[in-house]
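[1] Build me a structure from this.
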Amino acid sequence: MTAVIATVFGLTVTLGALEFGIGWSPSGPEPGAFPFYIGLLITAAGLGIIIQTLVQKRSSAEAFLTAEQLRAVASFTLPIIGLVVVSLWLGLYVGMALYLFFTMTVQGGYRIHTAALVGIGMAVFMYVVLEIGFKTPLLKGPLENALGL
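    Sure, this is the predicted structure:
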């Protein structure tokens, strides 16, 4: 099904690029040239996967995802979901520090003080770079508001 969606997406991009022109103008390539070729590439990839799937005789009893693979996906996905939830509640910098602390201690086996130092240090570093350096405000929570940041 994903291959069919990719193929349809590639065709849509290719046909849409034709509206902007795909040739060469006196000033260089026309605006649709790059999207046209990317669309062709996506279409070819989708068709290749469709053909490969039709040629292969896959057993319907074959598991899509083993228990070990599911644990690996969950060990990556659940902390990211936690980062989003905590960031919405406590702010992005606190969420980032807690995410790094959690993944370093639980998944990486680092010592608590090392993980805390990296988590807090990275949050402070990102604050300095993004908020002060680039003047890009990010989601803040009650801790940042209490500190007047």
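
[2] Quick check: phi and psi at the residue lying farthest from the centre of the chain.
    What lies farthest from the middle of the chain is Pro26; by C-alpha atoms, centre = their mean that is 38.4 Å. Backbone torsions for Pro26, taken as degrees, to the nearest 10, come to phi -60, psi -30.

[3] per-residue confidence at it?
    Model confidence at Pro26, given as pLDDT, is 85.

[4] How about Tyr127?
    pLDDT, Tyr127: 92.

[5] Repeat that for the one 4 residues further on.
    The pLDDT attached to Glu131 in the predicted structure is 89.

[6] And the strands in this protein?
    24-25, 28-29 (DSSP state E).

[7] can I get those strands in JSON lines with mean neighbour count?
    In this view, the C-beta of every residue, glycine as well, is placed from N, C-alpha and C. Converted to JSON lines, those look like this (neighbours: other C-beta atoms under 10 Å):
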{"stretch": "strand 24-25", "mean neighbour count": "10"}
{"stretch": "strand 28-29", "mean neighbour count": "11"}
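
[8] can you list these in a markdown table and add distance to Ala45?
    Output for the strands of the chain, formatted as a markdown table (distance: least, C-beta to C-beta, whole Å):
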| stretch | distance to Ala45 |
| --- | --- |
| strand 24-25 | 26 |
| strand 28-29 | 22 |
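
[9] Tell me which of the ones you listed lies nearest to Ile38.
    strand 28-29 (12.9 Å; C-beta to C-beta).

[10] Run me through the strand neighbours of the closest one, direction for each.
    strand 24-25 (antiparallel) (DSSP bridges).

[11] and the partner strand, how far out from the chain's middle?
    35 Å (C-alpha atoms, centre = their mean, to the nearest Å).

[12] Begin at 118, not 1, for the rest of this chat.
    Taking 118 as the first residue, the last one we looked at is strand 141-142.

[13] Contacts for it next, please.
    Glu147, Ala150 (C-beta atoms under 8 Å, 6 or more residues apart in numbering).
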